[in-house]
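Peer 1: how would this look folded up:
(one chain, ligands or ions: 1)
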Amino acid sequence: MYSFAKYKCIKAISRPYMLRNVSKVASEIRIYEVGPRDGLQNESKFVPTDIKLELINRLAAAGIKDIESTSFVSPKWIKQMSDSVDVMKNLKRVPGVNYPVPVPNLKGYYIAKECNVEEVAIFPAGSEGFSQKNLNCSVKESLQRFKEVAVQAVRDGLRVRGYVSCVVGCPYDGPISPKVIAKITEELLDMGCYEVSLGDTIGVGTAGSIQRLLREVLQVASPDKLALHFHDTYGQGLSNLLAGLEFGIKTVDSSISGLGGCPYARGASGNLATEDLVYFLYGLGVNTNIDLVQLIETGRYISNFLGKPTESKVNRALGDRFKSHNDIVKVAACDVN
Ligand SMILES: CC(C)(COP(=O)([O-])OP(=O)([O-])OC[C@H]1O[C@@H](n2cnc3c(N)ncnc32)[C@H](O)[C@@H]1OP(=O)([O-])[O-])[C@@H](O)C(=O)NCCC(=O)NCCSC(=O)C[C@@](C)(O)CC(=O)[O-]
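Peer 2: Numbers count the residues shown, from 1 in each chain. Got it, this is the predicted structure:
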């Protein structure tokens with residue numbers, strides 16, 4: 001478990017966090033949906049391929065343009081993703097929708113390429129402990145492996161996205177220095193990643209630690225090269241997000257119904273829920289072109305299948321009260337009119 005004992009002291013934050021300035025939030029935010037991959041990978045009950053395909057189709061129908069659909073990892077490590085070939089081969093691809101997939105090595109890359117993927121993601125960790133558990137190698141070895149993937153993918157004309165996991169804290173090593181994350185981010189961009197998603201894998205970040213992280217990472221990457229990937233374990237997802245958006249970052253990862261978690265990060269809860277994110281953005285006056293009613297129905301579809309309540313507060317709160325997307329947007333936007 002994440003050890004607070006590793007903090008020698010809690011330093012006073014010299015610059016208090018200001019939530020009032022939302023003027024730097026971009027007018028358009030790209031939502032990168034990770035539900036079918038990050039959301040499902042931790043589910044113990046195997047989700048049949050046709051349910052996964054239906055979920056992806058519903059997300060696309062709701063207006064999501066980037067849907068991380070599966071991953072080409074070792075089935076010995078993550079059984080839930082063992083049908084990745086079937087998922088990608090049977091996907092009804094909607095024009096204008098991107099269906100990226102994470103790959104841990106060249107083996108996964110070549111299988112994914114056979115399935116005509118257009119974008120792959122590589123995912124080193126910010127900590128040694130998590131790298132060993134998640135990838136069975138050191139951070140340095142993983143970067144070498146991922147570089148081989150990135151170089152080959154760029155050569156083949158595919159887009160490559162980078163992730164860094166455990167950007168604030170690691171379940172095995174404790175707090176992580178922002179300088180370490182900046183260094184890995186820089187390496188991923190140098191390898192050819194078009195953007196790097198900063199993953200607070202166990203959700204220990206706060207607006208303050210995210211600010212400190214971004215001040216460091218923005219020394220090596222411009223805001224348009226970064227994405228934010230928050231798990232909501234401590235209920236800090238949306239405040240962390242606002243902290244990040246104020247730096248001008250325009251891409252946010254989220255998961256339908258708040259599904260998610262990593263098998264190698266025990267205790268980590270789901271990702272920031274896509275329904276909560278879309279509602280939040282409408283409240284800021286950011287139009288996402290995503291239909292919240294369809295999104296809410298999609299969240300219920302997958303939660304019902306999994307037999308558990310949705311983790312999205314917006315989904316729970318709005319429930320059946322609103323039949324029209326515009327009605328929901330009016331509720332979300334009441335504070336800006
Ligand atoms: C990296 C490895 C492969 C090393 O695993 P390993 O056991 O060291 O690898 P290996 O090369 O020794 O191979 C072992 C066996 O797996 C096979 N294998 C090997 N690779 C593949 C592949 N790609 N596809 C299919 N099969 C594969 C390989 O062929 C072999 O099969 P055998 O010869 O024994 O029959 C493994 O540790 C792995 O797959 N790890 C991925 C774990 C994972 O998916 N974690 C979750 C994603 S990361 C995450 O969720 C965080 C993120 C990104 O969301 C950000 C955040 O939340 O903050």
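Peer 1: give me the three-state assignment for whichever residue of the chain sits closest to the ligand.
Peer 2: Using Cβ to the nearest ligand atom, the closest approach of the chain to the ligand is made by G199 at 2.1 Å. C-betas here are computed from N, CA, C, even on glycine. For G199, the reduced secondary structure class is strand; criterion used: DSSP: H, G, I helix; E, B strand; the rest coil.
Peer 1: which residues are in contact with it?
Peer 2: The neighbours of G199, taking Cβ atoms under 8 Å, 6 or more residues apart in numbering as the test, are 123, 163-167, 229, 231, 253.
Peer 1: and the ligand, which of the residues you listed contact it?
Peer 2: Near the ligand, judged by Cβ under 6 Å from any ligand atom, the entries from these are 123, 163, 165, 229.
Peer 1: near the ligand, which residues of the stretch 101-250 of the chain are found?
Peer 2: Within the stretch 101-250 of the chain, the residues that sit near the ligand (Cβ under 6 Å from any ligand atom) are 104-105, 107-108, 111, 123, 134-136, 163, 165, 199, 201, 229.
Peer 1: just the ones of the ones next to the ligand among the contacts of G199 in helices?
Peer 2: The helices, defined by DSSP state H, take in nothing from those.
Peer 1: now the helix or strand hosting L214 - C-alpha only, CSV.
Peer 2: L214 belongs to helix 207-217 when assigned by DSSP states H and E. Taking Å, rounded to 0.1, in the frame of the first residue of the first chain, the C-alpha atoms of helix 207-217 are listed here in CSV:
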residue,chain,number,x,y,z
ALA,A,207,-4.4,20.0,-6.8
GLY,A,208,-1.2,21.1,-5.1
SER,A,209,0.9,18.1,-6.0
ILE,A,210,-0.4,18.3,-9.6
GLN,A,211,0.5,21.9,-9.8
ARG,A,212,4.1,21.1,-8.6
LEU,A,213,4.3,18.2,-11.1
LEU,A,214,3.1,20.3,-14.0
ARG,A,215,5.5,23.2,-13.2
GLU,A,216,8.3,20.7,-13.7
VAL,A,217,7.0,18.8,-16.7
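Peer 1: list the helices and strands that helix packs on?
Peer 2: With contacts taken as 3 or more Cβ pairs under 8 Å, 6 or more residues apart in numbering; DSSP states H and E, helix 207-217 sits against helix 178-191, strand 195-200, strand 226-230, helix 237-245.
Peer 1: who does the third one touch, helix- and strand-wise?
Peer 2: What it means is strand 226-230. Strand 226-230 is packed against strand 195-200, helix 207-217, helix 237-245, strand 251-254, with contacts defined by 3+ Cβ pairs under 8 Å, 6+ apart.
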